[in-house]
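A.B. asks: Following is a predicted model, sequence given first.
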Amino acid sequence: MNDGPGDAGARAEPALSPILAAARLELRENGYHGTTVRRIVARAGLTMPALYYHYGNKEGVLVALLDLGMDDLLGHLRDGLAQAGHDPADRLRAFVFAVTGHVTRRQDLAILHREYRFLSDGARAGYVARRDEVDAMLVDIIEDGVVDGRFTVRDTRFGARVILGMVQGATDWYRPDGPDTPETIADRFVEAALRVLGAEGGGREQ
């Protein structure tokens, strides 16, 4: 099948500096608390002052990676929704394809999103604001679908949480060498999301 609207394969992969490339691997392998500045710079073949100069500290490195991940996700969402037109079902498909593309094709970045909880208050607030922007996009799509009769879900925000939880969960189990492509997975997620929302031919109301 063709890539869906907003699929992450349609955009260039974010460019990472040597420090960020090394930190991405360290954080995925060891988590935030198990990662040290010393291990990051050793893996990058650089010195500790180089990291401090560019990113300030370990938190600054994580913030930079989270920003790259959110830039990538929001860019795909905006592109996909711009192409999808006004039909809520088409916009839902574009949304699901964009998020699925992010958590599969950008898995090393997407898996870091959970590390936001270790940020200090100010940095965490900035990340949460961008995450809320993603949530609001989906809620708007669902509410538009309810208004025009395409969706029958009673609690639009709960429906959005169910869909996001389902799609984001692929971060933990997707394997590039597995039997299903990101596009196949996204198609299945779209079918499930339509059932969650009580779309025509879908499942029960939530």
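C.D. replies: Arrived safely, thanks for sending. Residues are numbered from 1 along each chain as shown.

A.B. asks: Run the chain-centre distance for stretch 114-123.
C.D. replies: From the chain centre to the centre of stretch 114-123 is a distance of 16 Å (Cα atoms, centre = their mean, to the nearest Å).

A.B. asks: Residues touching the helix or strand containing residue 109, excluding its own?
C.D. replies: Using DSSP states H and E, residue 109 sits within helix 107-110. Contact with helix 107-110 is made by 14, 24-25, 28, 65, 68-69, 72-73, 102-103, 168, 171, 174, 176, as judged by Cβ atoms under 8 Å, 6 or more residues apart in numbering. C-beta coordinates here come from the backbone N, C-alpha and C atoms, glycine included.

A.B. asks: Select only the buried ones of the residues you listed in PyMOL?
C.D. replies: In PyMOL, this line selects whichever of the contacts of helix 107-110 come out buried by 16 or more other Cβ atoms under 10 Å:
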select buried, resi 24+25+65+68+69+72+73+102+103+168+171+174
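
A.B. asks: Between the contacts of helix 107-110, which sits nearest residue 193?
C.D. replies: Checking the contacts of helix 107-110 against residue 193 with Cβ to Cβ, the nearest one is residue 168 at 12.6 Å.

A.B. asks: Can you name the residues that contact that closest one?
C.D. replies: 99, 103, 110, 113.

A.B. asks: now, which of those residues lie within helices?
C.D. replies: Mapping the contacts of residue 168 onto helices (DSSP state H) picks out 99, 103, 110.

A.B. asks: wait, isn't the first one in contact with residue 166?
C.D. replies: No: the pair residue 99 and residue 166 does not pass the contact test of Cβ atoms under 8 Å, sitting 9.8 Å apart.

A.B. asks: Looking at the two, which has the bigger crowd around it?
C.D. replies: Neighbours around residue 99 and residue 166, counted as other Cβ atoms under 10 Å, are more numerous at residue 99. The numbers are 28 against 17.

A.B. asks: got the contact list for that one?
C.D. replies: Applying Cβ under 8 Å, 6+ apart, we find residue 99 in contact with 73, 77, 134, 164, 167, 168.
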